[in-house]
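>>> Model the structure of this input:
(2 chains)
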Amino acid sequence: MTFLGLKIWKVTGHSMFPRIPQHSYVLAWHWYALNKIKPNQTILINHPQYGLLIKTVAIIDKNHLIWCKGENSSSISVEKLGPVSNKQIIGRVLKVFVQPVRSHP
Amino acid sequence: MFYNFINKIDKKFHFSTVSAHCDIPCKIYDPITAQLAVLSMIRMVDLLDELKNKSEMSANDHATFSRLVAQKETHGKQVKDEVRVIWGDFIKAPQLEAYPELHDLVHSIMLAASSAKQHIDKDTTLDLLNKVNRFAEIFWLCKGVTTYTAVCPYPPAQALVYPVLAQ
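Model prediction:
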C-alpha cells in the first residue's frame, strides 16, 4: 500500500533496539531522492545478501556509497554489511510508531 | 494510539516487513523457568515448615526432610543458572541503558538465592521471588511485551509476573 511515495513497514528483529524495537511500524518515503540522504538518517535498503533491511546511515564515502549500521551491539557491523548505492535504497524513514508499553496491575 | 490504529490495519492488510537484522543467532530465553524454580523453593519451605511443627519425626519424615532440603537446594541453583544465562547472553548494552538497575538486580538475585538455599525461611524465598519477578518484568519489557501480575493457580499461590502474549 503506497500513497504519494509513502509506505508503512513492519519491523522485525532487534538491531535497531531501543529506538525501534521489534514489531514497530515505520513510515518510509520512497521519494527520498528529493532530499539528500545524510548520516544518522534511518533508511530501508535492499541488501543483496540480507534482503530488506532497516538501518541507520553511518557514513557516505567519497564515492557516494552509503555505509549503514544498526543501533546496538548485536547488529551486523558496518564493515560486514558493506556499502550500498542509492539504487538499493527503498526509502527513508520519516516516522517510527513504537508499541506502547503498559504494565498491567 | 497511532500504533494501535496501524496495528489494526496491519492485521487486515498485512504490511510488508523490513528486517532489523542481527548478527547473533536468535536463542530461546524465558525467565519463567527461574520463576518456577523460586516457586518450588517456596513450596519446599512450606512443606519443611509443616514438618517442623511435628512433635516427633518418623524415619519417613526424616527422609522427606532430606528430600525437601535437597530439592530446595537444586531449585536454588536453577534460579541462579537461569538468571545468569539471560543476564550473560541476552542482556546487552541497549537493555542496560534502558534498565540501569539490571546489574545490581542480578547480583542481588544471586545473593538472595544463596540465602534462600542456606535457610529454611519463607521471607527469604519471598524476597527472592520479588527480585526474580522484577527481572522477568524487565526481560519482557525489553522485548516489547507487556506484563501482568497474577497469583499462580497452584501452591504456593504466590504472585508471578506473566507476559501478555495474546494480541
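>>> The residue in chain B that chain A sits nearest to: what secondary structure?
Per C-beta to the nearest C-beta, the residue of chain B with the smallest distance to chain A is B:Tyr148, at 3.3 Å. Every residue, glycine included, has its C-beta placed from N, CA and C. Secondary structure for B:Tyr148, judged by DSSP: H, G, I helix; E, B strand; the rest coil, is strand.
>>> pLDDT value on the residue sitting nearest the centre point of chain B, please?
With distances taken as C-alpha atoms, centre = their mean, the residue of chain B nearest its centroid is B:Gln35 (2.9 Å). Note on B:Gln35: pLDDT of 97.
>>> correct me, but it touches B:Leu160?
Yes. Under the criterion of C-beta atoms under 8 Å, B:Gln35 makes contact with B:Leu160 at 5.6 Å.
>>> Report the set of residues contacting both of these two.
Here B:Gln35 and B:Leu160 share the contacting residues B:129, B:133, scored by C-beta atoms under 8 Å, 6 or more residues apart in numbering or on different chains.
>>> all helices of chain A, in order?
Counting by DSSP state H, chain A has these helices, from start to end: A:78-81.
>>> Centre-most residue in it?
Centre of chain A computed as the mean C-alpha position; nearest residue by C-alpha atoms, centre = their mean is A:Ile54, 2.8 Å away.
>>> my guess is it meets A:Thr42, correct?
Yes. Under the criterion of C-beta under 8 Å, A:Ile54 makes contact with A:Thr42 at 6.6 Å.
>>> which residues of chain A fall in strands?
Counting by DSSP state E, chain A has strands at residues A:2-3, A:6-12, A:25-29, A:42-47, A:51-60, A:66-69, A:83-84, A:89-97.
>>> dump the residue contacts of the residue nearest to the centre of chain A.
A:9, A:11, A:16, A:20, A:26, A:42-44, A:93, B:18-20.
>>> For it, name its beta-bridge partners.
A:Leu44 (DSSP bridges).
>>> repeat for A:Ile59
Judged by DSSP bridges, the bridge partners of A:Ile59 are A:Trp67.
>>> still on that earlier bit, wouldn't the residue of chain B closest to chain A be in contact with B:Val164 here?
Yes. Between B:Tyr148 and B:Val164 there is a contact at 5.9 Å, judged by C-beta under 8 Å.
>>> Tell me the secondary structure of the residue lying closest to B:Asp127 once chain neighbours are set aside, please.
Take B:Asp127 and drop its neighbours on the chain: the residue closest to it by C-beta to C-beta, 6 or more residues apart in numbering or on different chains is B:Ala112, 5.6 Å away. The three-state label given to B:Ala112 by three-state DSSP is helix.
>>> Same question for B:Thr74.
helix.
>>> Is B:Val69 in a helix, a strand, or coil?
helix.
>>> okay, now B:Ala166: neighbour count?
B:Ala166: 4 surrounding residues under other C-beta atoms under 10 Å in any protein chain shown.
>>> Reduced to three states, what does it come out as?
Three-state call for B:Ala166 (three-state DSSP): coil.
>>> Compare the strands of chain A and give me the one nearest B:Lys11.
Among those, the nearest to B:Lys11 by C-beta to C-beta is strand A:6-12 (10.8 Å).
>>> List the neighbouring strands of that closest one plus their orientation.
For strand A:6-12, pairing defined by DSSP bridges yields strand A:2-3 (antiparallel), strand A:25-29 (antiparallel), strand B:17-19 (parallel).
>>> For A:Ser75, which of the ones you listed is the nearest?
Each of these has some distance to A:Ser75 by C-beta to C-beta; the shortest is strand B:17-19, at 11.3 Å.
>>> among the strands paired with strand A:6-12, which is nearest A:Glu79?
Minimum separation from A:Glu79 across the strands paired with strand A:6-12 (C-beta to C-beta) falls at strand B:17-19, 19.0 Å.
>>> Which positions in the next helix or strand after the closest one come out as buried?
Heading C-terminal from strand B:17-19, the first helix or strand you meet, by DSSP states H and E, is helix B:32-52. Buried residues in helix B:32-52, counted by 16 or more other C-beta atoms under 10 Å in any protein chain shown: B:34-45, B:47-48.
>>> now stretch B:98-113
For stretch B:98-113, the neighbour count (16+ other C-beta under 10 Å) marks B:99, B:102, B:105-106, B:108-109, B:112-113 as buried.
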